[in-house]
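> Quick one, what's the 3D model for this:
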Amino acid sequence: MAANSNPTVVRRRLGVELRRLRQASGLTSTEVAERLMVSQPKISHLENGRRSANPRDVRDLCAMYGVRDQQVIDRLMRMARESGRAGWWHAYGDLPNSVYIGLETDAASIHTYEPLLIPDLLQTPAYAQAAIEASTPWLTAEQAAVRLRVRLRRQRRVYDPARPLRLWVVLDESVLGRVVGGPDIMREQLEHLNALGAEPHITVRVLPYTAGAHQGMSGQSSILRLADSPEAGVVYLERFTSDTHLEKPADVKSYRAMYDHLQSQALDPDHTRRFITEAFESYNDARHP
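Here you go, the predicted structure:
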């Protein structure tokens, strides 16, 4: 999907425009909500890109903000129509991380720290299936199969020859020792991880136990740079019941500083490959005691 037709990205871009126009008009989101007789959270969700704006919303908001340039109005209404379209992921039903998938689909780069599992985009099918079944045991077999298909479909971004995703990964050492699916699956996964780490657009580093306590101990985090706004960023935090997206510049700056700190403590890519090789050889030993 091209960047300019990604509904998640278009919705976010439209929200930025609507917020700019509201602020230029001198109105608060509460005042706008009162005049339109809608809830204030609706206005906030439109401006944050968490809710699609229909053309009527855009028309009413432009009128309230005093926008007279018909070309601007037409452009914003066109964006509203595009933001309501379905992304490829919508064909798989109601997914808990659909907003993130939309952002990931259009990301130019991702910096991710994983303390527990191999990142989704670097998982083998067998590892992914085992991880899904273990982390969401309440899913039916059909629902788990859908999650697996979506995860493997997302991985196309890593291999897209036209615009390969630039991926930086820091893994806690515990990821290598946590047996997901059994020794055979782990051996295959770690061999796959080493192969991907040799690709020019993928950097993998292991943060060893010897690094001690560190800033990433609060959990997983990813920093996405979007193709249409590389100067900005979105922080994604995956949690058990809900995910969080942070976009305030101060938040993004803090997580970038934390990632730089983790990367400085991690093994360099060459040492990481040797470290991973030793790990999957230990799984070979487990197969043949």
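
> in this protein, what spans have low per-residue confidence?
By pLDDT under 70, the weakly predicted segments of the chain are 1-5, 227-232, 241-242, 285-289.

> where do the strands sit along it?
Per DSSP state E, the chain carries strands over the ranges 107-114, 166-172, 202-207, 221-226, 229-238, 243-246.

> Quick one: distance of the shortest one to the chain centre.
Using CA atoms, centre = their mean, to the nearest Å, we find the averaged C-alpha position of strand 243-246 to lie 9 Å away from the chain's own average C-alpha position.

> re the thing from before, closest one to Arg19 among the strands of the chain?
strand 229-238 (13.5 Å; CB to CB). Placement of C-beta: from N, CA and C, glycine included.

> Now do Val58 against Gly15, distance only.
From Val58 across to Gly15, the span is 11 Å (CB to CB, to the nearest Å).

> and the two? which has more neighbours close in?
Val58 (26 against 22; other CB atoms under 10 Å).

> ok, now how distant is the more buried one from Glu281?
Distance, Val58 to Glu281, using CB to CB: 59 Å.

> for Lys42, same thing?
Shown here: Lys42 relative to Glu281, a distance of 56 Å by CB to CB.

> and if you look at Val72?
Counting by CB to CB - Val72 and Glu281 are separated by 62 Å.

> same check, this time on Val10
Distance of Val10 to Glu281, computed by CB to CB: 48 Å.

> Between the two, which has more neighbouring residues?
Comparing Val10 with Glu281 by other CB under 10 Å, the one with more neighbours is Val10, at 25 against 12.

> So the more buried one is in contact with Ser83, correct?
Yes: in this structure Val10 lies within contact range of Ser83 using CB atoms under 8 Å: 4.6 Å.

> tell me the contacts of the closest residue to Leu267 other than its chain neighbours?
Of all residues beyond its chain neighbours, the one nearest Leu267 is Val206 (5.1 Å), with distances taken as CB to CB, 6 or more residues apart in numbering. Neighbouring residues of Val206 by CB atoms under 8 Å, 6 or more residues apart in numbering: 170-173, 176, 266-267, 271-272, 275-276.

> Once you drop chain neighbours, what's closest to Gly49?
The shortest distance from Gly49 to any non-neighbouring residue, by CB to CB, 6+ apart, is to Arg12 (3.3 Å).
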